[in-house]
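Enquirer: fold the following and give me the result.
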Amino acid sequence: MITIDWTTFTPWTALAGGLVIGVAAALLILLNGRVAGISGILAGILTRPNQTNGWRLAFIVGLLSAPFAWLLLAEIPEIRIDAEYPMLIVAGLLVGLGTRYGSGCTSGHGVCGISRLSPRSLVATLCFMTAGFVTVYVLRHLIGGV
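Expert: Numbers count the residues shown, from 1 in each chain. Purely as a prediction, here's the structure:
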């Protein structure tokens with residue numbers, strides 16, 4: 001049975017965050033002609049040095065500075081990760097591998113691709129979500145206790 005912890009359920013901040021992400025993605029594609037796919041933006045910085053990376057650097061700096069901007073408004077909530085470092089490293093490598101095989105990440109396909117009605121992005125997002133659902137089910141119900 002699924003239960004919701006109503007003391008930490010935050011639909012209004014989630015809605016606000018989604019709106020900010022949507023507006024930022026829309027502005028980037030409208031004003032710069034680029035899709036807000038984080039893996040592609042970061043790959044562009046790493047693989048194409050000195051080639052119009054100003055907007056890419058600004059985007060990454062904006063992502064990294066968001067927690068500090070949040071501190072101006074409120075306290076950062078406690079972050080609790082119930083996993084050991086080896087598991088986190090494996091998980092990160094698998095996400096990176098999936099990003100390369102899927103030709104993009106969840107932000108590129110899920111936020112920008114679906115909003116552009118891209119069939120490839122719809123399939124990629126369905127694969128991301130299905131893999132996540134299956135992983136959670138296996139870890140929580142078949143293996144148990146994670």
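
Enquirer: looking at this protein, which helix or strand does the model trust least?
Expert: Sorted by mean pLDDT, DSSP states H and E, the helices and strands of the chain end with helix 106, the least confident at a mean of 80.

Enquirer: report all helices and strands that the helix or strand following it contacts.
Expert: Next along the chain after helix 106, taking DSSP states H and E as the criterion, comes helix 114-115. In this structure, helix 114-115 makes packing contacts with helix 11-32, helix 119-137, judged by 3 or more CB pairs under 8 Å, 6 or more residues apart in numbering; DSSP states H and E. (Glycine included, C-beta is placed from N, CA and C.)

Enquirer: please redo it, this time with the cut-off set to 6 Å
Expert: helix 119-137 (3 or more CB pairs under 6 Å, 6 or more residues apart in numbering; DSSP states H and E).

Enquirer: pLDDT of the helix it packs on, averaged?
Expert: Helix 119-137 carries an average pLDDT of 89.

Enquirer: alpha carbons only: can I get it in PDB?
Expert: Below are the C-alpha coordinates for helix 119-137, written out as PDB (Å, rounded to 0.1, in the frame of the first residue of the first chain):
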ATOM      1  CA  PRO A 119       8.400  10.500 -31.200                       C
ATOM      2  CA  ARG A 120      12.000   9.600 -30.300                       C
ATOM      3  CA  SER A 121      11.800  11.500 -27.100                       C
ATOM      4  CA  LEU A 122       8.400   9.900 -26.200                       C
ATOM      5  CA  VAL A 123       9.900   6.500 -26.600                       C
ATOM      6  CA  ALA A 124      13.100   7.400 -24.700                       C
ATOM      7  CA  THR A 125      11.000   8.900 -21.800                       C
ATOM      8  CA  LEU A 126       8.700   5.800 -21.700                       C
ATOM      9  CA  CYS A 127      11.900   3.700 -21.500                       C
ATOM     10  CA  PHE A 128      13.300   5.900 -18.700                       C
ATOM     11  CA  MET A 129      10.100   5.700 -16.700                       C
ATOM     12  CA  THR A 130       9.600   2.000 -17.200                       C
ATOM     13  CA  ALA A 131      13.200   1.200 -16.200                       C
ATOM     14  CA  GLY A 132      12.600   3.300 -13.000                       C
ATOM     15  CA  PHE A 133       9.400   1.600 -12.100                       C
ATOM     16  CA  VAL A 134      10.800  -1.900 -12.700                       C
ATOM     17  CA  THR A 135      13.900  -1.100 -10.700                       C
ATOM     18  CA  VAL A 136      11.900   0.200  -7.700                       C
ATOM     19  CA  TYR A 137       9.600  -2.800  -7.800                       C
END
